[in-house]
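K.L.:
Turn this into a model:
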Amino acid sequence: MRNKIKTLSWLIALSFVLGGCIAGKYKPAPNMADLEISFSDSLWTGKKIPAGQQCSMFGGNGATPALLVKNIPDGTNALIMEYSDRDYQPMNNGGHGKVGYNITSGIHQVTIPSIPGNTFDLPKDFFLVSAHQGTARGKAGAYMPPCSGGKGNLYVVKVKAVYEAPEVKESQLLGEGNLTLGTY
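P.N.:
Predicted structure coming up:
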C-alpha cells in the first residue's frame, strides 16, 4: 500500500512538472507583436462584469465575451486566451481557464466568438489548453465565469498569438496582449 501511495504521489508531482512544461512550450519570437484586443459585444465595457455573466453559484450563466483581436503577426495559426482573477491568486495566471482558437495563418484581425462557461463542449475551431481551476465553485469546464461573489475582484484575459508547430518543429509565441474584463 505504501508503495502505491509513493507511486501515486510521484505521478501527481510529475504531472505538475509536465503541465508546466506544456504551458511554457512556446519559444518567444525576437520581435513579439503587441496585440490589440477589444470587446466585440457592447454588453462588455471593461468596467463591471455584465449582469448574468458571473458563475452559477451567484445566479449567473456566464460565457466569455466575444473578442476582436487585431495586429495578429504573420505565422500565427492559433490564439490562446488565458482568463484570470487578478485578486485571487489560485485563479490568477489562467486559473479561470486557458482556451485556444485556431485561425488561418496570414489573418491579421479576427473576432473570437463567445463560449459558454463550465463545459468542455467547445465550438468549432476552439480547443482546450487547460481547464479552469474552480471546480469547488461549480462544474468543471474549459472556462469558469467570474465567481468572487461581487467582492470587486478584477478579471482579465491575456491573449497570445502562437504558431502551433507540428511535433518535429518548435512552437512560437509571436505576440500577446491583455484586456480588462471588469470587476465583480
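
K.L.:
Name all residues that make contact with the nearest residue to P116 once chain neighbours are set aside.
P.N.:
Setting aside the residues directly before and after it, P116 is nearest to A63 in space (CB to CB, 6 or more residues apart in numbering), at 4.8 Å. All C-beta atoms are positioned from the backbone trio N, CA, C, and that covers glycine. Neighbouring residues of A63 by CB atoms under 8 Å, 6 or more residues apart in numbering: Q53, S114, I115, P116, G117, Y143, P145.

K.L.:
okay, now the fourth one: neighbour count?
P.N.:
The criterion is other CB atoms under 10 Å. On that basis, P116 has 16 neighbouring residues.

K.L.:
quick thing: my sequence starts at 203, can you match it?
P.N.:
Yep, numbering from 203; the last one is P318 now.

K.L.:
Would you mind measuring from it to I309?
P.N.:
25 Å (CB to CB, to the nearest Å).

K.L.:
for the last one, same thing?
P.N.:
Distance, P347 to I309, using CB to CB: 28 Å.

K.L.:
out of those two, which sits in the busier spot?
P.N.:
Set side by side, P347 and I309 show more neighbours around P347, with 31 against 12, by other CB under 10 Å.

K.L.:
what about the more buried one, distance to D287?
P.N.:
According to CB to CB, P347 stands 11 Å off from D287.

K.L.:
Next, show the common contact partners of the two.
P.N.:
Residues touching both P347 and D287 by CB under 8 Å, 6+ apart: H298.

K.L.:
Considering the contacts of A265, which possesses the most neighbours?
P.N.:
Going by other CB under 10 Å, P347 tops the contacts of A265 with 31 neighbours.

K.L.:
That one in helix, strand or coil?
P.N.:
coil (DSSP: H, G, I helix; E, B strand; the rest coil).

K.L.:
show me what contacts the closest residue to G336 other than its chain neighbours?
P.N.:
Of all residues not flanking G336 in the chain, M346 sits nearest, at 4.4 Å (CB to CB, 6+ apart). M346 sits next to C257, Y285, M293, H298, G299, G319, N320, H334, Q335, G336, R339, G340 when contact means CB under 8 Å, 6+ apart.
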